[in-house]
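Engineer: Build me a structure from this.
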Amino acid sequence: MTDYIGYEALTQAAMRGVVREALRQAEKGSAPPGDHHFYVTFRTKAPGVKIPDHLVEQFPDEMTIVVQHQYWDLEVHDGHFEIVLKFNRVPQHLSIPYVALTRFVDPAVNFGVSFEKPASGEDTDVVAPALGSDAPEEGVETPSADSDETVVNLDAFRRK
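Structural biologist: Numbering: from 1, shown residues only. Here you go, the predicted structure:
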């Protein structure tokens with residue numbers, strides 16, 4: 001049966017909204033509230049990603065950043081967020097659209113979510129992603145069975 005509503009895209013957009021709201025909580029102060037901290041993994045060559053060339057060379061596919069204590073100028077927008085992090089003691093400005101995210105984890109509360117790779121030709125200015133493929137994205141690690149980390153996996157809800 002054809003999904004004319006696009007539940008996968010709606011779910012992915014909703015989960016990206018969760019990430020956006022978590023980042024908004026961190027935007028309010030000098031650090032995320034309480035013991036919260038975030039591991040944000042994104043595709044470095046995805047449309048709309050703006051990071052220094054030397055970081056793209058060092059991380060040609062994916063990069064994980066940590067939002068915890070040492071970050072500056074976090075700005076959370078509807079379609080992307082911007083942050084300044086230090087790499088080798090040099091501040092670097094990063095601009096990352098939510099559609100470039102592949103994973104978001106907050107280990108303080110054992111929360112994590114993995115995202116599907118957007119379909120090719122997707123308009124990256126919109127927050128809601130197009131339907132991704134059913135195959136898991138290569139290079140995205142999933143926690144081992146003995147891990148305490150909880151990752152919301154949407155595959156269980158898909159109809160094959």
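
Engineer: what helices or strands is the longest helix seen in the chain leaning on?
Structural biologist: If you go by DSSP state H, the chain has its longest helix at helix 7-27. The contact analysis (3 or more CB pairs under 8 Å, 6 or more residues apart in numbering; DSSP states H and E) places helix 7-27 against strand 38-43, strand 72-76, strand 101-106, strand 111-114. Quick note: C-beta positions are derived from backbone N, CA and C, even for glycine.

Engineer: who wins for proximity to His93 among the ones you listed?
Structural biologist: His93 sits nearest to strand 72-76 of all those, at 7.7 Å, using CB to CB.

Engineer: tell me what the helix or strand following that closest one is packed against?
Structural biologist: Using DSSP states H and E, the helix or strand that follows strand 72-76 in sequence is strand 80-87. Packing contacts for strand 80-87, counted by 3+ CB pairs under 8 Å, 6+ apart, involve strand 62-67, strand 72-76, strand 90-97.

Engineer: List the pairing partners of strand 80-87 within its sheet, with orientation.
Structural biologist: Using DSSP bridges, the strands paired with strand 80-87 in its sheet are strand 72-76 (antiparallel), strand 90-97 (antiparallel).

Engineer: Am I right that Arg20 is in contact with Tyr98?
Structural biologist: Yes - using CB atoms under 8 Å, Arg20 is in contact with Tyr98, at 6.3 Å.

Engineer: out of the two, which sits in the busier spot?
Structural biologist: Tyr98 (29 against 18; other CB atoms under 10 Å).

Engineer: So what's the residue count around the residue lying closest to the more buried one once chain neighbours are set aside?
Structural biologist: In space, and not counting its chain neighbours, Tyr98 is closest to Arg16: 4.3 Å by CB to CB, 6 or more residues apart in numbering. By other CB under 10 Å, 21 other residues sit near Arg16.

Engineer: now Arg16: how far from Ile83?
Structural biologist: Arg16 is 16 Å from Ile83, where distance means CB to CB, to the nearest Å.

Engineer: Check Phe115 too.
Structural biologist: Distance from Phe115 to Ile83, counting by CB to CB: 18 Å.
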